[in-house]
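Visitor: predicted structure and sequence below. I'll ask about it afterward.
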Amino acid sequence: MSDTQSRDEMMQMSNKEAASQWAIDVHQDPYAIPLEALNVAHPALFEANTIMPYFERLRAESPVNLCEVSQFGPYWSVTRFDDIKYVDTHERIFSSDITQGGIRLGQAPDPNPDPTFHLPMFIMQDPPKHDEQRKAVAPAFAPSQLGGLADLIRSRAATILDGLPENEEFNWVRAVSVELTGQMLATLFDIPQEDRHQLIHWSDTVERIANPAYFETPADGFAELWKCWEYFDAVWKERIAREEPGTDLISMLARSEATRDMPPNEYLGNILLLIVGGNDTTRNSISGGVLALNENPEQFAMLKADPTLIQSMVPEIIRWQSPVAHMCRTAMEDTELGGKQIRAGDKIVMWYLSGNRDESAIEDPNTFIIDRAKPRHHQSFGFGIHRCIGSRLGEMQLTIIWEEILKRFAEVEVTGSPAYLRSSFIHGITELPVRVRRH
């Protein structure tokens, strides 16, 4: 079978068939499974929220562990803080390039990529192209630019929170987390606020492509993503026609030498990167913070007594939630990692979610502590050249939303079990039933 046939068949294969083929018992004891068979990337483990004991075992027994058979092919799991940081900061040895396999499981090198399914983006590039394209949008996230957004974020957060029903159950994810991040995305792209729901839809689609509950085949999911290109193609043309250059993300992409001549699939890839990066990570940290404080009521009481703890609580929430569960790299040469021999071409998975629970690097990592001495000692933003470009904006949104929550509410009570995203890439919460009581 040729590479093209393999790719095409994979895209047309029923998601239900694929899910059935790789069905697992999500409640099985991970200590009863042979190490080489521990497929910690199975999305069902994240949806069931039963993944943490798997990482606990790997950190203790095999911190660099080869899973030989999975729906993603063979891959190495890297689960300890220092090993993850080493991989992340040695980009010459461990490539992010999409032509080598990209940054997430499920992607593989393809000598004849079909642009329908092949979506390059700057996070899936190595230097120098990565550096040049990242530089094109970096000014949007500079401190000088973000300072001007603080009042806007606060005003929007206040409006969202003031509109919440009191003593009535609702889904915090949709009513608050998605709403705030969606409005911010629309501003960064300078598109009408009424179109923000489309941005959220396309962000969700990225993680739903292989989910049989949403798409019959992966190809159907990609067809939906190309509607995103149609929308932003029109935006691009409008920005190019402007006499005065804008400061929004599309204007920056359209006018930079590094990005102005991108083919359609690369433009779509970079748009999706900015949408997912600006939506999924912050929104899941907002939701994850509410859940963590409810699960640790003594911490919630401390916060209410001393709202200045928000400054240290925000990075602790980001560590605790770890909204990006993993990033992948491809070994470009034979090397050693954690005492294991890695071969050129091997797939390496950095599990940030595990590194943020590493007992050898973080004191008492399995406890949510809002007044940690070093709260920014975490891996949620990555390291090196690929460190999250929007980290400051994410922290600012979290800080402001919690300042406004404490002003208004005596209680934000989780009233039922959360629902988790079926994804081993984004560690997400899809539903969080809550009830609020105002002061």
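Guide: Yep, it's here.

Visitor: beta partners of the residue nearest to the spatial centre of the chain?
Guide: Centroid-nearest residue in the chain, with CA atoms, centre = their mean: residue 324, separated by 3.7 Å. Beta-bridge pairing for residue 324 (DSSP bridges): residue 426.

Visitor: I'd guessed it sits against residue 425; true?
Guide: Yes. Contact status for residue 324 versus residue 425: in contact at 7.1 Å, counting by CB atoms under 8 Å. Heads up, the C-betas are built off the backbone N, CA and C, glycines and all.

Visitor: just the mean pLDDT for the strand or helix carrying residue 46, thanks.
Guide: Assigned by DSSP states H and E, residue 46 falls within helix 43-47. Helix 43-47 carries an average pLDDT of 97.

Visitor: can you list the helices and strands that the helix or strand following it packs against?
Guide: As assigned by DSSP H and E, the chain's next helix or strand after helix 43-47 is helix 52-61. On a contact count with 3 or more CB pairs under 8 Å, 6 or more residues apart in numbering; DSSP states H and E, helix 52-61 meets helix 352-355.

Visitor: ok, then the element right after the helix it packs on?
Guide: Counting by DSSP H and E, the next helix or strand C-terminal to helix 352-355 is helix 391-408.

Visitor: packing partners for that next one?
Guide: helix 143-147, helix 150-162, helix 178-189, helix 264-295, helix 310-321.

Visitor: what about the residue nearest to the centre of the chain, distance to residue 386?
Guide: As for residue 324, its distance to residue 386 is 11 Å (criterion: CB to CB, to the nearest Å).

Visitor: likewise for residue 121?
Guide: 11 Å.

Visitor: next one: stretch 393-406 to chain centre, how far?
Guide: Relative to its chain's centre, stretch 393-406 lies at 19 Å (CA atoms, centre = their mean, to the nearest Å).

Visitor: how near is the residue nearest to residue 431 when sequence neighbours are not counted to residue 14?
Guide: Leaving aside its sequence neighbours, residue 431 sits nearest to residue 419 (CB to CB, 6 or more residues apart in numbering; 3.9 Å). From residue 419 over to residue 14 the distance is 24 Å, taken as CB to CB.

Visitor: go on, residue 368?
Guide: 40 Å.

Visitor: of these two, which one has the most company?
Guide: residue 368 (21 against 14; other CB atoms under 10 Å).

Visitor: was I right about that one contacting residue 294?
Guide: No. Counting by CB under 8 Å, residue 368 stays clear of residue 294, with 10.5 Å between them.

Visitor: now stretch 195-211: buried residues?
Guide: Judged by neighbour count using 16 or more other CB atoms under 10 Å, the buried positions of stretch 195-211 are 196, 198-200, 202-211.

Visitor: with stretch 37-45 instead?
Guide: Here stretch 37-45 shows 38-45 as buried, counting by 16+ other CB under 10 Å.

Visitor: apart from its chain neighbours, what residue comes closest to residue 358?
Guide: residue 81 is the one closest to residue 358 (CB to CB, 6+ apart), at 4.1 Å.

Visitor: wouldn't that neighbour be in contact with residue 361 here?
Guide: Yes. Look at residue 81 against residue 361 with CB under 8 Å: they come within range, at 3.4 Å.

Visitor: anything in contact with each of those two?
Guide: residue 355 (CB atoms under 8 Å, 6 or more residues apart in numbering).

Visitor: list the residues that contact residue 277.
Guide: So residue 277 contacts 388-390 (CB under 8 Å, 6+ apart).

Visitor: got a markdown table for those residues, with pLDDT and neighbour count too?
Guide: As requested, the contacts of residue 277 are exported to a markdown table (pLDDT from 0 to 100; neighbours: other CB atoms under 10 Å):
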| residue | pLDDT | neighbour count |
| --- | --- | --- |
| 388 | 94 | 19 |
| 389 | 94 | 19 |
| 390 | 93 | 21 |
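
Visitor: redo these as TSV? Include distance to residue 307.
Guide: As requested, the contacts of residue 277 are arranged in TSV below (distance: CB to CB, whole Å):
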residue	distance to residue 307
388	26
389	29
390	25
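
Visitor: below-threshold pLDDT in this protein: ranges please.
Guide: 1-10, 111 (pLDDT under 70).

Visitor: 90 - rerun?
Guide: Scanning the chain for pLDDT under 90 picks out 1-23, 106-118, 143-148, 210, 243-246, 278-281.

Visitor: can you name the farthest residue from the center of it?
Guide: Among residues of the chain, the one most distant from the C-alpha centroid is residue 243; the distance is 35.6 Å, by CA atoms, centre = their mean.

Visitor: quick check: closest non-adjacent residue to residue 221.
Guide: Nearest to residue 221 is residue 209, by CB to CB, 6+ apart, at 3.4 Å.

Visitor: please disregard the earlier target; I meant residue 428.
Guide: residue 421 (3.4 Å).

Visitor: so that neighbour sits against residue 432, correct?
Guide: No. In this structure, residue 421 is not within contact of residue 432 by CB under 8 Å, at 11.9 Å.
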